[in-house]
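1. here is my input, please return the structure:
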Amino acid sequence: MITDSLLQLFVRTLGSHKHVKRGAMSKHDGENGGLPADVTRVLGHVGGWKYVDFRFIEPSKLDVERAALTKLATALEDGTSSTWSHALWNGAWFPLAVSSIEVHAFDPVGCFGGSPEQIVTFDISSGDSWTVFPNITAWLSALTEGFETEGKDAIEKAYAWARENKSCIDVKLPAGEDERRSKQRFEAGIGNWIEMRHPDGRAWAVRERRNGYELRIGEGEDAVIRKRTAANPSAEVRRMLREQKAEGFVGSS
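-> Next up, the predicted model:
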């Protein structure tokens, strides 16, 4: 959740930049469901504002923008398009800002082994990777820093600040054509399941995520999935594997 102080600072900084033009206020009509709270808060303040050709989405146009991006990604997935950069969009996301080449989106799912409500940016024209901010606070903080100085390179400065402060990471699009068309492309950064079974028949599995791990207890439709965060996911997964082995679980072939 964005703090009021950060949101106000961002709006003041953006609004005072000489290359930013304010747009008319609008509201999301809600016909296709409500928006996440932080999306509503940000776009309710700066939706329609433009910086060169970088534009924050007007709430009233968000569904149209989202549908257009999803149409491009769907065409890539079903094989009717070979514009690989369109594989970078996920239909579950909400666009926050776009330019002639770039998209900034709110991810309510938590793709790439990250947490829900992270921010994903990418080059929709010719890109082959995502830049992922762990949350909307990190994204707004970077943009605020970028717009602190006058000029037409605020977005580049925002990325430079974020990388210097380790508040974003880059995730590559898979190399193979089939992988790029598959919805599994959004699982980059998520490890494979390590499956174990107890002599009494119990099934247990774990897989590492970028910011933690997932447990799967049981199997089939009755399996229970639990996500956990961890400062050192690899070490935590190794610890749990040792504990399960001590309890009699053995690796499944």
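2. all helices of the stretch 1-150 of the chain, in order?
-> Per DSSP state H, counting those that start in this stretch, the stretch 1-150 of the chain carries helices over the ranges 4-15, 37-46, 62-77, 136-146.
3. could you check the pLDDT of the residue nearest to L140 when sequence neighbours are not counted?
-> Distances taken as Cβ to Cβ, 6 or more residues apart in numbering place F10 nearest to L140, at 5.0 Å, with adjacent residues excluded. C-beta coordinates here come from the backbone N, C-alpha and C atoms, glycine included. The model reports F10 with a pLDDT of 97.
4. F10 and A142 touch, don't they?
-> No - the pair F10 / A142 is not scored as a contact, 10.2 Å apart, by Cβ atoms under 8 Å.
5. so where is the stretch 1-150 of the chain shaky, pLDDT-wise?
-> The model of the stretch 1-150 of the chain has pLDDT under 70 over residues 28-33.
6. go with 80
-> 24-33 (pLDDT under 80).
7. who has more neighbours, F10 and A142?
-> A142 (25 against 20; other Cβ atoms under 10 Å).
8. so that one touches T131, yeah?
-> No - counting by Cβ under 8 Å, A142 stays clear of T131, with 10.0 Å between them.
9. what touches both of these two?
-> Counting by Cβ atoms under 8 Å, 6 or more residues apart in numbering, the common neighbours of A142 and T131 are Y159, C168.
10. looks like I136 contacts L7 (just checking).
-> No - the criterion here is Cβ under 8 Å, and I136 misses it with L7 at 9.7 Å.
11. shared neighbours, those two?
-> V42.
12. okay, these two: which has more neighbours?
-> Neighbours per residue (other Cβ under 10 Å) separate I136 from L7, with I136 holding more: 23 against 20.
13. roughly how far is stretch 196-213 from the heart of the chain?
-> Here stretch 196-213 is found 25 Å from its chain centre; the criterion is Cα atoms, centre = their mean, to the nearest Å.
14. from now on call the first residue 25
-> In the new numbering, first residue 25, that becomes stretch 220-237.
15. now that stretch: average pLDDT?
-> Averaging pLDDT along stretch 220-237 gives 89.
16. pull out the buried positions in it.
-> For stretch 220-237, the neighbour count (16 or more other Cβ atoms under 10 Å) marks 220-221, 227-237 as buried.
17. do stretch 93-105 as well
-> Neighbour-count burial for stretch 93-105 [16+ other Cβ under 10 Å]: L93, T94, L96, A97, L100, E101, S105.
18. stretch 129-148 now?
-> Neighbour-count burial for stretch 129-148 [16+ other Cβ under 10 Å]: 129-132, 134-139, 141-148.
19. beta partners for the spatially closest residue to V44 that is not a sequence neighbour?
-> Among residues not flanking V44 along the chain, Y75 sits closest, at 5.0 Å (Cβ to Cβ, 6+ apart). Judged by DSSP bridges, the bridge partners of Y75 are V44, F78.
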